[in-house]
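Asks: Coordinates for the following, if possible.
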Amino acid sequence: MSTSTAAPPRRPDGQPPEKRKPGTRTAGEGRMAALLLSPTLLVLALVIAYPLVSALYQSLFREESGLDEDGFVAEGESFVGLANYTDLLAGESGQRFLNALANTTFFTFTTVALETVLGLALALAMNRAFRGRGILRASILIPWAVPTAVSGLLWRWIFQSDGIANTLIGTEILWTAEGFQAKAAVIIAEVWKTAPFIGLLVLAGMQVIPGEVYEAARIDGAGWWRQLGSITLPLVKPTLLVAVLFRLLDALRMFDLPFVLIGPGKQSVETLSMLAWDESNQLRYGSASAFAIILFLYVALVAIVFVKLLGADVAGTKEMRNLRKASRKAKARS
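Replies: Okay, here's the model as predicted:
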């Protein structure tokens, strides 16, 4: 009994159909993809593009008041061009802006550096097999699950003059007053809350590392430190970079924690987001929009530099490629 396969369909001119190159798509597939993505693009345009364009437009105006031709007080907005941006480099507004920019940068890179080290340590602890590991994972994730405003109130109670912090160290420090101690309070509270986030993402990256890779390393005589430096950290690096990138972008927009913990109007902890809020609260929407646009450009610049120079693999393609290579090497050794 013979079997036969159907011949591939031919083109109208009688020639066999051309083979499609991998990664190419037809015009119909492109239209279908655009149709399926259109609701998402519409939502993004409404919640991102429109507010951004509106803030950029508003930053070109300034609220002014004066006397009209009849001698009555007249208030309204006038077009000032880039004056709101040039004022950021001079005068009292410029001093507040530079102070807020310095505080934002200091909080961002200090807290993210501490969170990365602590989060990596938490991931290593949660990844080990021991009795009670589930309880440890749940307890570590509790700070991250607490709302930021609630966390700020909790730490404000801890850092009171007669609070737990001063009782433990045996001295009285005004944590919520002006000074470096206010910065330290914000850093401690921020690291306590968000280090588990990095630990959770790094743990997810560790969970997909093939076990035979470590088994082959143990056969070769590699100890725990050698496995950490030669296997764990290189393979978890893409996940760690993405986690750090997410935390950088979030820390640059820091507002609620210092606002609740220390309070508004404190020069020691005022960030760009707090400065923009204060300007809008004073009905100076033009300068508030200018601060918001500068913050947006700062966040975008950090994201571009981090992705381009440090090679953060947001899509995860490099990570999967490295894992497949490591798995093949381990199988070849065994």
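Asks: Surely residue 209 forms part of a strand?
Replies: No - when classified by DSSP: H, G, I helix; E, B strand; the rest coil, residue 209 is found to be coil rather than part of a strand.
Asks: for residue 194, what are its contacts?
Replies: By Cβ atoms under 8 Å, 6 or more residues apart in numbering, the residues touching residue 194 are 111, 115, 143, 144, 247, 250, 251. C-beta: built from backbone N, CA, C; applies to glycine.
Asks: one more time with 6 Å
Replies: Going by Cβ atoms under 6 Å, 6 or more residues apart in numbering, residue 194 touches residue 115.
Asks: buried stuff in the helix or strand containing it?
Replies: According to DSSP states H and E, residue 194 maps onto helix 180-207. By neighbour count on 16 or more other Cβ atoms under 10 Å, the buried set for helix 180-207 is 182-183, 185-203, 205-206.
Asks: In terms of secondary structure, what does whatever helix or strand comes next after that helix contact?
Replies: Using DSSP H and E, the helix or strand that follows helix 180-207 in sequence is helix 211-219. Other elements packing on helix 211-219 under the criterion 3 or more Cβ pairs under 6 Å, 6 or more residues apart in numbering; DSSP states H and E are helix 317-333.
Asks: Quick one: mean pLDDT for the lengthiest helix in the chain?
Replies: For the chain, the longest helix by residue count, based on DSSP state H, is helix 91-127. Mean pLDDT, helix 91-127: 89.
Asks: And stretch 287-299, by the same measure?
Replies: On average, stretch 287-299 scores 90.
Asks: For residue 106, which non-adjacent residue is spatially closest?
Replies: residue 183 (7.2 Å; Cβ to Cβ, 6 or more residues apart in numbering).
Asks: any idea how far that neighbour lies from residue 77?
Replies: Distance, residue 183 to residue 77, using Cβ to Cβ, to the nearest Å: 37 Å.
Asks: From the centroid of this protein, which residue is nearest?
Replies: residue 246 (2.5 Å; Cα atoms, centre = their mean).
Asks: Shouldn't that one be within a helix?
Replies: Yes - per three-state DSSP, residue 246 lies within a helix segment.
Asks: before we move on, back to that, next, the angle from the longest helix of the chain to helix 180-207.
Replies: 40 degrees (axes from the mean of the first three to the mean of the last three Cα atoms, to 10 degrees).
Asks: Going by contacts, tell me the helices and strands next to the helix or strand just after helix 91-127.
Replies: Using DSSP H and E, the helix or strand that follows helix 91-127 in sequence is helix 133-145. Packed against helix 133-145 by the contact rule (3+ Cβ pairs under 6 Å, 6+ apart) you find helix 180-207.
Asks: ok, now with 8 Å
Replies: Applying 3 or more Cβ pairs under 8 Å, 6 or more residues apart in numbering; DSSP states H and E, one finds that helix 133-145 contacts helix 91-127, helix 180-207.
Asks: for it, which positions count as buried?
Replies: Buried, per 16+ other Cβ under 10 Å, within helix 133-145: 137, 140, 141, 143, 144.
Asks: quick one: which of those residues is nearest to residue 154?
Replies: Checking the buried residues of helix 133-145 against residue 154 by Cβ to Cβ gives residue 143 as the nearest, at 9.7 Å.
Asks: Disregarding flanking residues, what is the spatial nearest neighbour of that closest one?
Replies: Per Cβ to Cβ, 6+ apart, closest to residue 143 is residue 193, 5.0 Å.
Asks: quick one, what contacts that neighbour?
Replies: 143, 144, 146, 148, 151, 257.
Asks: now the fifth one, nearest residue through space, not along the chain?
Replies: By that I understand residue 151. residue 193 (5.1 Å).
Asks: Show me what stretch 158-167 is in contact with.
Replies: 157, 172, 173, 174, 175, 176, 185, 261.
Asks: The same query, at a cut-off of 10 Å, please.
Replies: 155-157, 168, 171-177, 181-182, 184-186, 188-189, 261-262 (Cβ atoms under 10 Å, 6 or more residues apart in numbering).
Asks: can you check stretch 34-50 too?
Replies: Taking Cβ under 10 Å, 6+ apart as the rule, stretch 34-50 contacts residue 53.
Asks: could you give the mean pLDDT of it?
Replies: 84.
Asks: can you offset everything so residue one is 56?
Replies: With 56 as the first residue, the last one maps to stretch 89-105.
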